[in-house]
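**Student:** model this:
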Amino acid sequence: MSAEADRADVEKVLAGDIDAFECIVHRWQGSLVNLAYRFCRDRNRAEDMAQEAFLRAYRGLRGWRKDAAFSTWLFALATNLYRSEIQRIPSRTIALDEIAEPGDPRTLFSGADVENRDSAVRRAVLALPAKYRDALTLYYFHQKDVAQAARSLGVAEGTIKARLNRGRELLRSKLPRLLENLNLKEAQ
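**Tutor:** Numbering: from 1, shown residues only. The predicted structure is shown next:
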């Protein structure tokens with residue numbers, strides 16, 4: 001449904017009906033703001049980044065080759081913009097090695113409620129190197145399949161699979177320490 005609507009709206013915009021771009025914005029605004037938020041963890045900054053992504057998409061609409069879904073092109077454009085923005089003004093992150101090891105891995109979730117656990121997972125993903133963070137964000141948080149994530153990041157599908165695997169390994173090894181830190185803070 002949205003692929004057909006995207007194609008129709010793009011055709012209208014390219015034919016001179018600039019108001020049709022508003023439909024594209026409404027359709028994808030939430031997703032692009034959420035993606036930006038995964039990069040910067042600041043809602044206001046995420047909204048600004050998404051607005052810039054839409055502006056660039058509008059200006060570069062003729063660059064969409066229509067051999068892939070419009071959403072893939074839009075997410076690739078946004079991801080590249082967000083990466084550049086984060087490099088220009090980095091978000092504050094915590095190094096994974098600075099997180100303390102838990103005392104007993106069987107108590108991993110005993111003191112953490114769902115919100116704290118989710119926060120810990122997001123923080124752990126944000127602390128990953130960019131190539132793993134980007135792959136995990138597109139695949140898990142934005143439900144892109146391997147092929148879509150590969151196109152969005154401009155890499156081979158095998159590369160995405162390897163980055164997802166390595167990113168998961170890093171999370172499995174480091175996440176328990178982050179969750180333990182949250183449990184200790186709650187107890188205080």
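
**Student:** mind listing what residue 14 touches?
**Tutor:** Listed by CB atoms under 8 Å, 6 or more residues apart in numbering, the contact set of residue 14 reads 61-62. From N, CA and C alone the C-beta is placed, and that goes for glycine too.

**Student:** Let's see that with 10 Å instead.
**Tutor:** 20, 61-62, 64 (CB atoms under 10 Å, 6 or more residues apart in numbering).

**Student:** And the helices in this structure, which stretches?
**Tutor:** 2-14, 21-40, 43-59, 70-88, 114-126, 130-136, 146-153, 157-187 (DSSP state H).

**Student:** export those to a markdown table and tack on mean pLDDT?
**Tutor:** Output for the helices of the chain, formatted as a markdown table (pLDDT from 0 to 100):
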| stretch | mean pLDDT |
| --- | --- |
| helix 2-14 | 91 |
| helix 21-40 | 92 |
| helix 43-59 | 93 |
| helix 70-88 | 90 |
| helix 114-126 | 73 |
| helix 130-136 | 87 |
| helix 146-153 | 87 |
| helix 157-187 | 75 |
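
**Student:** looking at the contacts of residue 14, which has the most residues close by?
**Tutor:** residue 64 (19 neighbours; other CB atoms under 10 Å).

**Student:** wait, that residue sits on residue 58?
**Tutor:** No: counting by CB atoms under 10 Å, residue 64 does not reach residue 58; the two are 11.2 Å apart.

**Student:** Break this structure into its domains for me.
**Tutor:** Following automatic domain parsing, the chain resolves into domains at 2-88, 96-187.
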